[in-house]
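Engineer: Okay, here's the prediction I keep looking at, along with the sequence it came from:
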Amino acid sequence: MQTLIFEGVVTALSSVSHNGGQVFGNSAPFRREKFKLRTGETVLMPVVSGNSIRGVLRDRGMLHMCRLLGYGVEEEGFQETAERVAVASEEGERIRLDAAESHAVRRSGLSLPAFHFLFSGGALTSEGGKAINIEKALRIRRVLPLAGVFGGATGNMILPGKLICHKMIPICEETLHLLPRRFHPAWCVLHQHVAPHCGCTPQATTQSIWEYLQTETYTRRDDAKNPHRHALLQAQARPQIAGPQPTLLPTDVEPPDDDPPGSGQKQQMIYEIETLCAGTDLHWKILLDDVWAIEFESFATALREFSRRPYIGGKSGIGHGEVSVHLDRWMSIDSRVQVDSTDVAFPLGTAYAQHIQRHGAVMREELARMI
């Protein structure tokens, strides 16, 4: 076993929206935490929670595993015939299920407890005072390495995770005293310590967080009040549309593209989202505590799946939250002795793909036991 640490920089390629559950009227502020500054003062700073990033990584990794095992592949468009499930690994090897096995997987699917265990960590249930089954915990870790990384609860047992996912903290004037020196932009310029070694944007000075925080305004329109859409509605539904109905224009007059300001015909509401602007650098740290090599490979696969759709926070459907993550600074720390850390190559995930290929039936059997 070994303890692995990644520390690097996440750069926002588009503005990041991350609400902490607070909404004031039609305004959604960025999630904030209290930070103590060098001066001793405290200030509420925008921070991306580790919980949200951990959840995204868990979802991507578990979905990838489920697809390799044959769950939901037909619905997702990954299967052309009922007799074959094939997913290419890094070396071009293919994972195959016979016709009966493939049909059984699609027919049964995941039980609800197994689904919750994989994607949200599961929940404890009463088992009549039974003792915790250590053998079961070891079997789950051995058979489902990604579950060992993220942890979860099944039956009366909690399986502790091995992943510590730190928060993403903006690299700015207010946080520099809390971050390692090599991530200070001015230090990087002085030592020519530029990407990809640290990943930050080299600059001589550091801006205040308030230079990066902004408010974006959006409008949401009620298209039912657009007279050009009325033909799509049922006749009995048209009188239900609130507000005065517009007067028809003469046939020789070109209709306007939009209603005049203040008419109130189509605009439903205006809302605001507080975001971190594109180009903002955030410090991020991941720690994998005493993991086996196959667990490291499984987590690396989850990271690779995240890199294919690298979005954090909310509102990704309208372009928020795209990021670039520098994953080239893994360090290994021997948990048995205190020694200097050493760089570790990022695994390709081949061993994990082979693990699923060889033990797919056992993995599906273990998930089927979660009822």
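Structural biologist: Yes, it's here. Numbers count the residues shown, from 1 in each chain.

Engineer: Which residue ranges of the stretch 201-350 of the chain form helices?
Structural biologist: 293-308, 350-368 (DSSP state H, counting those that start in this stretch).

Engineer: Any stretches of the stretch 101-250 of the chain with poor pLDDT?
Structural biologist: Residues of the stretch 101-250 of the chain meeting the criterion pLDDT under 70: 101-108, 127-132, 186-205, 238-250.

Engineer: Could you name the helices and strands sitting against the helix or strand in which G8 is found?
Structural biologist: In the assignment (DSSP states H and E), G8 maps to strand 2-12. Here strand 2-12 touches strand 281-291, strand 323-325, strand 330-333, going by 3 or more CB pairs under 8 Å, 6 or more residues apart in numbering; DSSP states H and E. The way it works is simple: take the backbone N, C-alpha and C, and place the C-beta from them, glycine included.

Engineer: Grab the CA positions of the longest one and hand them over as CSV.
Structural biologist: These are the backbone C-alpha positions of strand 281-291, laid out as CSV (Å, rounded to 0.1, in the frame of the first residue of the first chain):
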residue,chain,number,x,y,z
ASP,A,281,-6.9,29.7,-10.9
LEU,A,282,-7.9,27.5,-8.0
HIS,A,283,-5.6,25.4,-5.8
TRP,A,284,-6.7,21.7,-5.4
LYS,A,285,-5.3,18.8,-3.5
ILE,A,286,-6.2,15.1,-3.5
LEU,A,287,-5.0,12.5,-1.1
LEU,A,288,-5.4,8.7,-1.5
ASP,A,289,-4.7,7.1,1.9
ASP,A,290,-3.0,3.7,1.9
VAL,A,291,-4.4,2.5,-1.4
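
Engineer: three-state assignment of the closest residue in space to T206 that isn't next to it in sequence?
Structural biologist: Nearest non-adjacent residue to T206, counting by CB to CB, 6 or more residues apart in numbering: E173, 4.8 Å away. Put simply, E173 is coil when judged by DSSP: H, G, I helix; E, B strand; the rest coil.

Engineer: Now for E173, how many residues are close by?
Structural biologist: 16 (other CB atoms under 10 Å).

Engineer: Next: I270.
Structural biologist: By other CB under 10 Å, the burial measure for I270, its neighbour count, is 11.

Engineer: repeat for T3
Structural biologist: 17.

Engineer: Quick check: it touching W292?
Structural biologist: No: when contacts are counted by CB atoms under 8 Å, T3 is not listed as touching W292 (11.7 Å).

Engineer: re the thing from before, identify, out of the helices and strands packed on strand 2-12, the most deeply packed stretch.
Structural biologist: strand 281-291 (a mean of 20; mean count of other CB atoms under 10 Å).

Engineer: Okay, angle between that one and strand 2-12 too, please.
Structural biologist: 160 degrees (axes from the mean of the first three to the mean of the last three CA atoms, to 10 degrees).

Engineer: So for strand 281-291, mean pLDDT?
Structural biologist: Averaged across strand 281-291, pLDDT comes to 93.

Engineer: Tell me what angle it forms with helix 293-308.
Structural biologist: 160 degrees.

Engineer: So that it lines up with my notes, have the first residue be 59 from now on.
Structural biologist: Renumbered: residue one is now 59, and that last one reads strand 339-349.

Engineer: Give me the residues contacting strand 339-349.
Structural biologist: Strand 339-349 is touched from outside by 59-70, 106, 111, 206-207, 220-224, 226-229, 233, 237-238, 241, 243, 257-259, 334, 353-354, 357, 383, 393, with contacts defined as CB atoms under 8 Å, 6 or more residues apart in numbering.

Engineer: Walk me through which strands it pairs with, and which way each runs.
Structural biologist: As defined by DSSP bridges, the strand partners of strand 339-349 come to strand 60-70 (antiparallel), strand 221-223 (antiparallel), strand 227-228 (antiparallel).

Engineer: re the thing from before, can you tell me the average pLDDT over the strand holding G66?
Structural biologist: pLDDT averaged over strand 60-70 gives 89.

Engineer: and after that strand, which helix or strand comes next?
Structural biologist: Remark: after strand 60-70, the chain's next helix or strand is strand 74-75, criterion DSSP H and E.

Engineer: Identify the bridge partners of R279.
Structural biologist: Where R279 sits in a bridge, its partners, by DSSP bridges, are Q325.

Engineer: distance of it from H378?
Structural biologist: From R279 across to H378, the span is 20 Å (CB to CB, to the nearest Å).

Engineer: So for these two, which residue has more residues nearby?
Structural biologist: More crowded of R279 and H378, by other CB under 10 Å: H378, with 22 against 14.

Engineer: Mind pulling the model confidence for the more buried one?
Structural biologist: pLDDT for H378: 95.

Engineer: what's it in contact with, if anything?
Structural biologist: So H378 contacts 72-75, 331, 333, 369, 371-372 (CB under 8 Å, 6+ apart).

Engineer: Just the closest of those residues to R118, please.
Structural biologist: Among the contacts of H378, Y369 lies closest to R118 (CB to CB), at 10.6 Å.

Engineer: what's around the closest one, how many residues?
Structural biologist: Look at Y369: counted by other CB under 10 Å, it has 18 neighbours.

Engineer: Do I have it right that it meets V383?
Structural biologist: No: using CB under 8 Å, Y369 makes no contact with V383, being 11.2 Å away.

Engineer: what do the two both touch?
Structural biologist: Counting by CB under 8 Å, 6+ apart, nothing touches both Y369 and V383.

Engineer: What about the residue nearest to E424 when sequence neighbours are not counted, how many residues nearby?
Structural biologist: The spatially closest residue to E424, leaving aside those adjacent along the chain, is V201, at 4.9 Å (CB to CB, 6+ apart). Using other CB under 10 Å, V201 is surrounded by 17 other residues.
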